[in-house]
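dropping the sequence and predicted coords here.
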Amino acid sequence: MKMEFDVEKTVRERVSVRTYREGKVSAAEKEKINVFIDQIVNPFQIPVSFRILEKEASAKGEKLGTYGVIKGASNFICATVKEAPLALEALGYSFEKLILYVTSLGLGTCWLGGTFDKSGFAAAMEVKENELFPVVSPLGIPFGKKRTMESITRWAIKADKRKEWQELFFQQDFSHPLDQAEAGEYVLPLKMLQLAPSAANKQPWRVVKQDNIYHFYEMRTIDKEGKHRIDIQKVDMGIAACHFHMAALENELSGHFEVLNPPKMEHPGQACYQFSWIGE
Ligand SMILES: Cc1cc2nc3c(=O)[nH]c(=O)nc-3n(C[C@H](O)[C@H](O)[C@H](O)COP(=O)(O)O)c2cc1C
């Protein structure tokens, strides 16, 4: 399937940008982004609402702060989703699809699940009682050079590193790492998944292949937080599904995501079954 951008190139180019050039994203670029937003769908079939906010205090005076983590960005992408099973996964999928598109335009982004002023942003977004609002991202022109603080953060969480293939992907059960020959044409979708961003770079995704089915598990390592007890790693799972799916679609691999009965197999304690890709 022809995608709007080169998936592998864009996945490899995307990086969290925390320092931006002063100045707004042009109206023409915003228009393109809004057109793209209107046609984003996710395999969980849960609608996700997006808005691009201006950093300047809105008419009602809400402040869009990031505790100094982000510098120079004048715009933020925000998304909400109605509370429901798989809502956070759907948001992660759709938001990452947008982030990849924005990256292909040469603009910078950075997932923020913790370091943003939730009440200021939620007020500007007019978030409703039954809606989840787990993350935002700055949107802007990358400055091109990192601040010292940013470099230290990246070093501390090993942001440039990803877990090895054999720590993430398995066949039949968790005791057998997946042989790349066995993965065949799915090597690329899995490699794209491996490059996904995740909260604190914890990379909670694990995949177990059984015949033509790829079961996705969440290795939960971050406690649920906040009033709605959001499990931010469910957003990570949606991001992982997005990378895998976009690479599969680009390479004409057909199949679909489905929540199955949890497969019967021994699994590590924190591993929690989420959904499966059924290849056709
Ligand atoms: C769901 C989610 C939440 C995140 N929250 C934050 C955050 O609050 N603050 C921050 O500086 N980075 C945050 N990040 C960015 C990650 O630290 C980053 O993606 C990871 O270290 C990998 O680096 P990379 O994005 O440059 O590849 C978040 C990422 C994700 C996916």
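Structure's in. What do you need?

could you pull up the residues touching the residue most central in space within the chain?
Centroid-nearest residue in the chain, with Cα atoms, centre = their mean: residue 239, separated by 3.3 Å. The neighbours of residue 239, taking Cβ atoms under 8 Å, 6 or more residues apart in numbering as the test, are 92-93, 95-96, 111, 196-198. C-betas here are computed from N, CA, C, even on glycine.

just put those in CSV and tack on pLDDT, distance to the ligand and neighbour count.
Formatted as CSV, these follow (pLDDT from 0 to 100; distance: Cβ to the nearest ligand atom, whole Å; neighbours: other Cβ atoms under 10 Å):
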residue, pLDDT, distance to the ligand, neighbour count
92, 98, 7, 31
93, 98, 12, 29
95, 98, 9, 28
96, 98, 8, 27
111, 98, 3, 22
196, 98, 8, 22
197, 98, 3, 21
198, 98, 5, 21
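
okay, the nearest residue to residue 185 once chain neighbours are set aside and the ligand: tell me how far apart.
Once flanking residues are discounted, residue 185 sits nearest to residue 253: 5.9 Å by Cβ to Cβ, 6 or more residues apart in numbering. Taking Cβ to the nearest ligand atom, to the nearest Å as the measure, residue 253 falls 24 Å from the ligand.

ditto for residue 10
From residue 10 to the ligand the distance is 13 Å (Cβ to the nearest ligand atom).

could you check which helix or strand contains that residue?
Residue 10 belongs to helix 7-13 when assigned by DSSP states H and E.

interface residues of the stretch 51-200 of the chain facing the ligand?
69, 110-115, 135, 157, 159, 197-200 (Cβ under 6 Å from any ligand atom).

which of the residues you listed are buried?
When those are checked for burial by 16 or more other Cβ atoms under 10 Å, the buried set is 69, 110-114, 135, 159, 197-200.

reformat these as a markdown table; add secondary structure.
Shown next, in a markdown table, are those (DSSP: H, G, I helix; E, B strand; the rest coil):
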| residue | secondary structure |
| --- | --- |
| 69 | coil |
| 110 | coil |
| 111 | coil |
| 112 | strand |
| 113 | coil |
| 114 | coil |
| 135 | coil |
| 159 | coil |
| 197 | coil |
| 198 | coil |
| 199 | helix |
| 200 | helix |
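
can you put those in JSON lines and add distance to residue 5?
Converted to JSON lines, those look like this (distance: Cβ to Cβ, whole Å):
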{"residue": "69", "distance to residue 5": "27"}
{"residue": "110", "distance to residue 5": "19"}
{"residue": "111", "distance to residue 5": "19"}
{"residue": "112", "distance to residue 5": "23"}
{"residue": "113", "distance to residue 5": "25"}
{"residue": "114", "distance to residue 5": "28"}
{"residue": "135", "distance to residue 5": "22"}
{"residue": "159", "distance to residue 5": "23"}
{"residue": "197", "distance to residue 5": "17"}
{"residue": "198", "distance to residue 5": "21"}
{"residue": "199", "distance to residue 5": "24"}
{"residue": "200", "distance to residue 5": "27"}
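
closest one of the residues you listed to residue 211?
Set against residue 211, the nearest of these by Cβ to Cβ is residue 198 (27.5 Å).

which one is the closest one nearest to, not counting chain neighbours?
Residue 198's closest residue in space is residue 236 (Cβ to Cβ, 6+ apart), at 4.1 Å.

what do you get for residue 91?
residue 81 (4.5 Å).

return the distance of the helix or strand hosting the one you found from the chain's centre.
Using DSSP H and E, residue 81 sits within strand 75-82. Computed by Cα atoms, centre = their mean, to the nearest Å, the chain-centroid distance of strand 75-82 equals 13 Å.

please begin residue numbering at 32 from this point
Yep, numbering from 32; the last one is strand 106-113 now.

alright, that wraps it up for me.
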